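**Student:** Got a predicted structure here, sequence first:
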Amino acid sequence: MRIKDRLFKSIVLFLLTSLILSFFTNSKVISVQAIDVKTQDVQPATVEVKFYRTINSSSLYLPSLAAAIPRINANIAHNNNFRGQGTFIVILDTGIESVHSFFGNRVALEACFAPVCPNKQDNMIGAGAAVPVHWHGTHVAGIAAGSNSSFNGIAPSAGIIAVNVFGPDGSSSDSNIIRALKWVDSISGQYNIAAVNMSLGTMGVFKSSCNSYLPDLTAIIATLKSKNIATVVSAGNEGQRGMSSPACITDTVSVAATYFSSGAGVDKVTDFSNVSDLTDLSAPGYQITSSKLLGSYGASSGTSMSAPMVTGAFAVYRSKYGVQAVDKVVLDFQSTGVDAKDDYTSIITKRIDFKVMFSSGGSIPPPTSTVSDDYSAFSGHHNTISDYYHTIY
């Protein structure tokens, strides 16, 4: 009888786990694995999940990172020596492979705020703290700031601060994310941080702003913004009108994914991307080639791939125009961006483009703060709050 009971419980647990994972992940109707470079970016599990809308693959331009860079004219900024030098970006994700050649020894600091860090505690600061639990963070970091002799990320000279907030099951909690962001705030006086990238979100979609959903998360994002640090967040991959949390928090910089429609000859919002009237910017997010584990490279799709393009853009912007208010930077990229329409909702987003601001000199004022490149280690912070779970996008 005990064996039957255990068997029944195991079956129920398996079915419930499969149902939960099907909500956490977002891609076309297909069996996928996280290590499969041909699929959307998902948490580490093999699942079958439903896609809201389909993509006509015959009309797609498949942009490796090497092709996406000139598509958004980031090469113009690079050629004029605006490459994110002197700035740092924070990759708050699944950790990164810091020794990957794509990062060129530019990983300045590592941290972990997760259920179990490499030191067996729930927080760790220093070398090895952000050892990857999944390829996702390494891929995201490469898009934002990778560089090799063949192709570059958006800000190939920016320093990288790697933070792991995920467990090996591909989920995180708001308490871990808030602890990480508070730690970022604590080091902001020593590092010239242009942006924090969060290619993650809840499985729920919000049709309007969600500032009151998680007040502590909203508060720390506002604190970072007050210090001219952008929190760049992927809009989510449910293919719906709306955005996941925390992209729906007003003070984030929310990012939708785009692709180039060769048939129409224009950029469009991808069918998997969430989008709303509150979405701040968009960027390429379909089949983007970047760094993966064990020194390899591979392609992935999702708003996870779009967000780090905007994160890198903040670093490149700062390398030319100095420290500016987050809203000012967003407005500048909106005013110089390219229209990218979502055919499903008819919402028009502004896909980032570097041509106007980086082809010639600007008249934006000099930096408003003084910073230094101090690579000291810092202690983390811990909060006890109710947890809402996030997955990678």
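**Tutor:** Structure's in. What do you need?

**Student:** Please state the offset of the longest strand along the chain from the chain centre?
**Tutor:** Longest strand in the chain by number of residues, with DSSP state E as the criterion: strand 253-261. Taking CA atoms, centre = their mean, to the nearest Å, the mean C-alpha location of strand 253-261 is offset from the chain mean by 12 Å.

**Student:** quick one: strands adjacent to it?
**Tutor:** Strand 253-261 has the following strand partners under DSSP bridges: strand 60-61 (antiparallel), strand 230-234 (parallel), strand 266-269 (antiparallel), strand 281-284 (parallel).

**Student:** Domain map for this protein?
**Tutor:** 2-55, 58-392 (automatic domain parsing).

**Student:** Give me whichever of these is most buried.
**Tutor:** Sort the domains of the chain by mean neighbour count, taking mean count of other CB atoms under 10 Å, and domain 58-392 sits at the top with a mean of 22. Quick note: C-beta positions are derived from backbone N, CA and C, even for glycine.

**Student:** How much space separates Arg318 from Val107?
**Tutor:** According to CB to CB, to the nearest Å, Arg318 stands 19 Å off from Val107.

**Student:** Which parts of the stretch 101-250 of the chain are helices?
**Tutor:** Under the criterion DSSP state H, counting those that start in this stretch, the stretch 101-250 of the chain contains helices at 136-145, 174-187, 215-226.

**Student:** What is the end-to-end distance of stretch 160-179?
**Tutor:** 19 Å (CA to CA, to the nearest Å).

**Student:** I should have written stretch 239-256 there, sorry.
**Tutor:** Stretch 239-256 stretches 10 Å from its first residue to its last (CA to CA).

**Student:** what do you get for stretch 273-286?
**Tutor:** Note: stretch 273-286 ends 10 Å apart using CA to CA.

**Student:** now it: mean pLDDT?
**Tutor:** Here stretch 273-286 scores 97 as its mean pLDDT.

**Student:** same question, stretch 161-177
**Tutor:** Across stretch 161-177, pLDDT averages out at 92.

**Student:** In PDB, list the C-alpha atoms belonging to that stretch.
**Tutor:** The C-alpha coordinates for stretch 161-177 follow below in PDB (Å, rounded to 0.1, in the frame of the first residue of the first chain):
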ATOM      1  CA  ILE A 161      29.600  42.700 -12.900                       C
ATOM      2  CA  ALA A 162      28.100  39.200 -12.800                       C
ATOM      3  CA  VAL A 163      25.500  38.300 -10.300                       C
ATOM      4  CA  ASN A 164      23.700  35.000 -10.000                       C
ATOM      5  CA  VAL A 165      20.200  35.000  -8.500                       C
ATOM      6  CA  PHE A 166      19.000  31.600  -9.900                       C
ATOM      7  CA  GLY A 167      18.900  28.100  -8.700                       C
ATOM      8  CA  PRO A 168      19.800  25.200 -11.000                       C
ATOM      9  CA  ASP A 169      16.100  24.600 -11.700                       C
ATOM     10  CA  GLY A 170      15.900  27.900 -13.600                       C
ATOM     11  CA  SER A 171      13.800  29.900 -11.100                       C
ATOM     12  CA  SER A 172      14.500  32.800  -8.800                       C
ATOM     13  CA  SER A 173      12.600  34.700  -6.200                       C
ATOM     14  CA  ASP A 174      12.000  38.400  -5.600                       C
ATOM     15  CA  SER A 175      13.800  38.200  -2.200                       C
ATOM     16  CA  ASN A 176      17.000  37.100  -4.100                       C
ATOM     17  CA  ILE A 177      16.600  39.700  -6.800                       C
END
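
**Student:** can you pull out the helices in the stretch 251-393 of the chain?
**Tutor:** Counting by DSSP H, counting those that start in this stretch, the stretch 251-393 of the chain has these helices, from start to end: 303-321, 326-335, 355-358.

**Student:** Please produce CSV containing these, extended by mean pLDDT.
**Tutor:** CSV is the format used below for the helices of the stretch 251-393 of the chain (pLDDT from 0 to 100):
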stretch, mean pLDDT
helix 303-321, 97
helix 326-335, 98
helix 355-358, 96
